[in-house]
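S.K.: what follows is a predicted protein model with its sequence.
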Amino acid sequence: MSRDVLCIPRKHLVFLKIHKAASSTVLNILYRYGEARNMTLALPFYNHLGCPKLFKATYVKDFDKNSSKEYNILCNHMKFNLPEVKKVMPRQSSYFTILRNPNKLAESACSYFHTMTPAFREAKSLDRLLSRPDTFYKLSRTKDHYARNLMWFDLGQDPNAQDDPDYVNNTLLELERTFHLVMLAEYFNELLVLLREALCWQMEDMVYIKLNVPQSSSVSGLPPTTSSKLQEWNSLGWILDRHFNSSFWQRVAHYGQSGQDAARRLLPPETPPPTLGHLPPREGGYQCCADGFGADEILRRFLMVEQEHMVCSITPLLLVSSKIKKSSRMRV
């Protein structure tokens, strides 16, 4: 029986938006999909759902006025708190998130948040912060959470926790039970192919606009000594990355083995690719979620779907999907 008969598109989604991990681009896909189908989005009052505080259901706009309302998509920045998320989203919801190389993420966070994060602002560089962390970094200070183990923090955990094996293993097991798919930002087209498969969406639904892309001059790479220090400083982030890197590629392999005619279905010869264009960058990178935006403005800014603004056609996704299938068949 074909995938089209068996697969029902998922209509209740929770996407944990990790800071500086290509999550705004995924958010754009979800917003456009939901808007096109008149879905109910769980939007924040402003640009995030209470972060850096643990998420509460009341951080969703109008939730306290009608707590029985059924939401389809919850996908803004939050410090993840599963019991409170379950108050907002139905039991059958699909949960997914995205990770990024922790050193690249830290460098990007330092560049993007350097004016609002005291640790970055006072240290003036990652190297200086890492040489004197007790001087510059204080988690109790507002917005210093951007400076250490940011992915671990976004997932609702303590970024200053010791990487005790029992604690770490229990946390990883809990995350595996919660999230149906954990994606890797470095393999964006591959992750979209897996996401499409997990959500039973059409390939056309995965066309995207790049958002919050930094200028090339703002992220220049780290010297080896700084990179080594940063790996120690963000040890919990590296544990996450290594663990879910393995499960991600297991999913890729499984996808490649599931159905020998999938590439044929995904590459209909009569389907022309969309016209390519590009979205002009703003100074300092895209600022589509700046402080002070209300819910309506957030949604409006993410629904920029004019064809001339598309920066990725569907063709690379189709080719990646076909390549995964082909390489899997060659290994068998």
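M.R.: Alright, I've got the coordinates.
S.K.: which parts of the protein are strands?
M.R.: The residue ranges that make up the strands of the chain, judged by DSSP state E, are 13-16, 41-42, 73-74, 94-99, 181-184.
S.K.: how far does the last one sit from the chain's center?
M.R.: Computed by Cα atoms, centre = their mean, to the nearest Å, the separation of strand 181-184 from the middle of its chain amounts to 8 Å.
S.K.: which outside residues touch that strand?
M.R.: With contacts defined as Cβ atoms under 8 Å, 6 or more residues apart in numbering, strand 181-184 is touched by 26, 94, 96-100, 175, 190-191, 194-195, 198, 244-245, 247-248, 251. Every C-beta, even on glycine, is put in place using the N, C-alpha and C of the backbone.
S.K.: from those, keep the buried residues only.
M.R.: When neighbours are counted using 16 or more other Cβ atoms under 10 Å, the contacts of strand 181-184 contain these buried positions: 26, 94, 96-100, 175, 190-191, 194-195, 198, 244-245, 248, 251.
S.K.: among the residues you listed, which lie within helices?
M.R.: 26, 175, 190, 191, 194, 195, 198, 244, 245, 248, 251 (DSSP state H).
S.K.: output the residues you listed in CSV, with pLDDT and distance to residue 204 appended to each entry.
M.R.: Supplementary listing: these in CSV, determined by pLDDT from 0 to 100; distance: Cβ to Cβ, whole Å:
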residue, pLDDT, distance to residue 204
26, 90, 16
175, 97, 31
190, 84, 18
191, 86, 17
194, 88, 17
195, 90, 14
198, 91, 17
244, 94, 28
245, 91, 29
248, 88, 24
251, 84, 22
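S.K.: need the max-distance pair from these.
M.R.: Spanning the widest gap among these are 175 and 190, at 20.3 Å by Cβ to Cβ.
S.K.: the nearest residue to residue 8 once chain neighbours are set aside and residue 89, how far apart?
M.R.: The spatially closest residue to residue 8, leaving aside those adjacent along the chain, is residue 200, at 5.9 Å (Cβ to Cβ, 6 or more residues apart in numbering). Look at residue 200 and residue 89: by Cβ to Cβ, to the nearest Å, they are 18 Å apart.
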